[in-house]
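# Sequence isn't available, so here's the structure alone:
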């Protein structure tokens, strides 16, 4: 049985904006990286059950990059999305809140190559980027 890691952020924006910024490729490319020396030059999202999520993450100096792909198993507009990545691990994203603050909570199955803290910190850094981008725009 795999370890489930949970991260979250409170975003000062209504859930409709948070959902839009989290799911549309025009926004995803602006926040989907863990540090300033990385970027996300490409993203695509077919937000429906059976649809695919795709993003490309790269070091800005070109030294490393990778594709992130997933298939949606659940899409509940403005509430939750669940997707499975190719190695079988599952990710659940919940959106909840008030008119002015939305909490995004992500639960994901840990992989076995990297320490739990490293995985948690990396995913949290991306979510923190998302929070910063969404609140600033």
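Okay, I see it. No experiment lies behind these values; they were computed from the predicted model shown.
# Can you give me the neighbour number for the closest residue to residue 14 other than its chain neighbours?
Using CB to CB, 6 or more residues apart in numbering and skipping the chain neighbours, the partner closest in space to residue 14 is residue 99 (5.8 Å). Using the backbone N, CA and C atoms, a C-beta is placed for each residue, glycine as well. For residue 99, the neighbour count with other CB atoms under 10 Å is 8.
# With the one 4 residues further on instead?
Per other CB under 10 Å, the neighbour tally for residue 103 reads 15.
# can I assume it is in contact with residue 7?
No - at 11.2 Å, residue 103 does not count as touching residue 7 under the criterion of CB atoms under 8 Å.
# List the buried residues in the helix or strand harbouring residue 19.
Using DSSP states H and E, the element containing residue 19 is helix 15-23. Within helix 15-23, the residues that qualify as buried are 15, 18, 19, 21, 22, 23, counting by 16 or more other CB atoms under 10 Å.
# Please tell me how far the closest residue in space to the first one that isn't next to it in sequence sits from residue 121.
With CB to CB, 6+ apart as the measure, residue 102 is the residue that lies nearest to residue 15, at 4.6 Å, once sequence neighbours are left out. Residue 102 sits 22 Å away from residue 121 when distances are taken as CB to CB, to the nearest Å.
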